[in-house]
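Q: Pasting the sequence and the predicted model now:
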Amino acid sequence: MKTEIFLDSSFFFPFIGVEVENCEKSDVLNLITNENFQIFRSELTTFELSAKGVKLVNEGEIEITDLIDGLNSLQFMNSVKVIPIFYSEIQILSSKFRKDHTDFIDCIILASAINYSQKLISFDRTLKRKFLKKWQNEIQTKKNFEMILWDDFKRSL
């Protein structure tokens, strides 16, 4: 049985030509193609990449073709399941997280991961701290769910 892994949006920035510290595009491709894992992402990831990408295009940091090619490649990645954000279980849980966390996108991604996977892999130390201190005991849907920072996950491979 495959381990279900939800990837935070940051993992997909290398596809539009944006560097992410300690995470190469090849790292993500290796993870996505690893037969031991089923990979998930939020449909919100497309918005995040587009918003950040357009900003970087306007600043001359990346080319518009890199942004478009990257967005297109993500849309046609059949090995990554995309989870819509409108599902009621995601909205309900993310609204609980929003009481303690100002970044609603993080709240939706965490709620999506909890409802549709076994693990959320992220770079966000603040979100992980809040998950462990405030939310982990409140989450009854999946007792085996865990949030793992990328560096820790990489070491476990």
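A: Ah, there it is. The structure presented is a predicted model; accordingly, all values stated were derived computationally and were not measured. Residues are numbered from 1 along each chain as shown.
Q: buried ones in stretch 70-87?
A: Of all the residues in stretch 70-87, those buried under the rule 16 or more other Cβ atoms under 10 Å are 70, 71, 74, 77, 80, 83, 85. All C-beta spots, glycine's among them, are computed from the backbone N, C-alpha and C.
Q: Can you measure across it, start residue to end residue?
A: Using Cα to Cα, to the nearest Å, the end-to-end distance of stretch 70-87 comes to 26 Å.
Q: dump the residue contacts of the residue in the chain sticking out farthest from the centre.
A: Among residues of the chain, the one most distant from the C-alpha centroid is residue 60; the distance is 25.7 Å, by Cα atoms, centre = their mean. Remark: with contacts taken as Cβ atoms under 8 Å, 6 or more residues apart in numbering, residue 60 is in contact with nothing.
Q: quick one on the thing from earlier: out of the buried residues of stretch 70-87, which comes closest to residue 116?
A: Top of the list for closeness to residue 116, among the buried residues of stretch 70-87 and by Cβ to Cβ, is residue 83 at 5.2 Å.
Q: before we move on, the earlier item: mind checking which of the buried residues of stretch 70-87 land in helices?
A: Members of the buried residues of stretch 70-87 lying in helices (criterion: DSSP state H): 70, 71, 74.
Q: And the last one, how close does it get to residue 33?
A: For residue 74, the distance to residue 33 equals 14 Å [Cβ to Cβ, to the nearest Å].
Q: Please identify the next secondary structure element, helix or strand, after the least confident helix or strand in the chain by mean pLDDT.
A: Taking all helices and strands of the chain together, the one with the lowest average confidence (mean pLDDT, DSSP states H and E) is helix 125-130, at a mean of 89. Past helix 125-130, further along toward the C-terminus, the next helix or strand under DSSP states H and E is strand 146-149.
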